[in-house]
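Chemist: Sequence and predicted model, in that order:
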Amino acid sequence: MQEASIQNSVIIVGELITSNDQTAPQTLVSAISDHFFNTPNLEALAVVEGVTPKGLITRTKLFFTLSRRFGNELYSRQPIISIADTTPLIVAASESLDEVIDKAFARSPQDIYDEIIVADVNGAYLGLLSVKQLVIEQSNALSRSVLLEEMATARSQELERINQVKTKFLANVTHELRSPVNAIIGLTELLQMAADSGSMEQVQERLSFMISTATNLRAVITNILDLSKIDAGKMEVAHQQVDVAAMLAEVAETTRILIGNKPVAVQVITPVEPVVVSTDPIKLRQIVTNLTSNAAKFTDQGSIAIGMLIHEDQLVIEVRDTGIGIKEEDINLIFSAFAQVEDASTKTHEGTGLGLTISKNLAKLLGGSISVSSTYNKGSVFSLSLPLKQIDQQGIHSHAA
């Protein structure tokens, strides 16, 4: 049987023909009987004169007729048309599956059998259909229709959810970009006023604020651009030898700038001897910077500890803070693109919420992973694990700010 095609959700029966078995009207009953005996799987033959269907002979009808008393003597030398059904159900190949099934079951009980003749638009014989197979096809079509409807509904709901999330994201991004830009403009005006008045103390103070604000703005823009690259599959990895301790010390200095005047100490814990690994230094720095920026954002007092250790064949970098922590029900949200625990209308901390998403993707590009443990109102620990390519030496020492 050919595969059925669905056009506008309607199955055309011409594509469901199961056979084109046929015989001429004048073929002897005995010959047809032998043919049925020799072909156990044959259930019916169309009786066709030229190309025009004239009747239908089924295995059941044939053997019932011949089994009657003297049936073989009476009919074996007669043409097959003499015992064939000369008013079989003939349908056009272009008719729909549902229409043909309705016609099949609308026949009188004695005329209901499994085979249906299919003809073309000119009435020429094309083949036979099996009613049982048509019912199976109808059931399959219904199942596919229900499945497609469910898939379409689910897809529509998913698209709606994505649209809502992106709308929320755009609102957050607009807010995050506008705030530092306005702050930089305001600080520039104040800086100009301080310079005009000759107050170098105010100039130094406002320059510090401007650097912190510009750093935040750069982080927002970098995260947005990186997310686009990751989604497009255009983010590349360039391995180099990296002195991890030195890099962490530099990130710590940036973290201190982001903290500003908050009573938060930044501590760096690294091996005594340099640990040099082969990885992408830009992406590694970005991951750690995102983690420490988050810690600085959500920690108002206490400490932020940036640590490094070697565990088996992994380099593990931890960022531990005493900030507000994360609720258990929100843990699964923090690494999702566009998803934020707060929205633009209620949020109390700056940020697009993309830093952790990007960090997770960058860690994966480097062959590693990020995990988190947190206690609400007590703090969080983010752990970055990377495959260790090369080690020089290791030990532990501490620098406190």
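Modeler: It's in.

Chemist: List the residues that contact residue 51.
Modeler: Contacts for residue 51 were tallied using C-beta atoms under 8 Å, 6 or more residues apart in numbering; they are 123, 124, 125. All C-beta spots, glycine's among them, are computed from the backbone N, C-alpha and C.

Chemist: In a markdown table: those residues, plus secondary structure.
Modeler: Output for those, formatted as a markdown table (DSSP: H, G, I helix; E, B strand; the rest coil):
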| residue | secondary structure |
| --- | --- |
| 123 | coil |
| 124 | coil |
| 125 | strand |
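
Chemist: so which of the residues you listed is the most crowded?
Modeler: In terms of neighbours by other C-beta atoms under 10 Å, those top out with residue 125 at 21 neighbours.

Chemist: could you pull out the helices for the protein?
Modeler: 29-38, 59-67, 71-75, 97-106, 131-197, 200-232, 244-259, 281-298, 355-365 (DSSP state H).

Chemist: Sort out which residues of stretch 122-138 are buried, please.
Modeler: Across stretch 122-138, burial judged by 16 or more other C-beta atoms under 10 Å covers 125, 126, 127, 128, 129, 130, 131, 134, 137.

Chemist: so how far is the first residue of that stretch from its last?
Modeler: Distance between the two ends of stretch 122-138: 26 Å, counting by C-alpha to C-alpha, to the nearest Å.

Chemist: Next: stretch 18-30.
Modeler: Using C-alpha to C-alpha, one end of stretch 18-30 lies 25 Å from the other.

Chemist: What are the buried residues along that stretch?
Modeler: Residues of stretch 18-30 classed as buried by neighbour count (16+ other C-beta under 10 Å): 18, 19, 21, 22, 23, 25, 27, 29.

Chemist: quick one, what contacts residue 365?
Modeler: Counting by C-beta under 8 Å, 6+ apart, residue 365 touches 235, 237, 280, 283.

Chemist: which ones are touching the last one?
Modeler: So that's residue 283. 237, 362, 365, 366.

Chemist: With distance to residue 306 and pLDDT as extra columns, can I get the residues you listed in TSV?
Modeler: Putting those into TSV (distance: C-beta to C-beta, whole Å; pLDDT from 0 to 100) gives the following:
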residue	distance to residue 306	pLDDT
237	23	84
362	17	89
365	22	89
366	18	91
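
Chemist: which among those residues end up buried?
Modeler: 362, 366.

Chemist: Among the contacts of residue 283, which pair sits farthest apart?
Modeler: Between any two of these, the greatest separation by C-beta to C-beta is 9.1 Å, found for 237 and 362.

Chemist: Count the neighbours of the closest residue to residue 84 other than its chain neighbours for me.
Modeler: Setting aside the residues directly before and after it, residue 84 is nearest to residue 55 in space (C-beta to C-beta, 6 or more residues apart in numbering), at 3.6 Å. Summarising burial for residue 55: neighbours were counted as other C-beta under 10 Å, giving 22.

Chemist: What does the pLDDT read for residue 55?
Modeler: pLDDT for residue 55: 89.

Chemist: how does this protein divide into domains?
Modeler: Recorded structural domains for the chain (assignment: automatic domain parsing) are 6-139, 158-232, 240-400.

Chemist: Give me the below-cutoff pLDDT ranges for the stretch 151-300 of the chain.
Modeler: Applying pLDDT under 70 to the stretch 151-300 of the chain picks out residues 165, 168-176, 179, 216, 231.

Chemist: Could you pull out the strands in the stretch 251-400 of the chain for me?
Modeler: According to DSSP state E, counting those that start in this stretch, the stretch 251-400 of the chain carries its strands in the segments 264-270, 276-279, 302-311, 314-321, 369-375, 379-387, 397-400.
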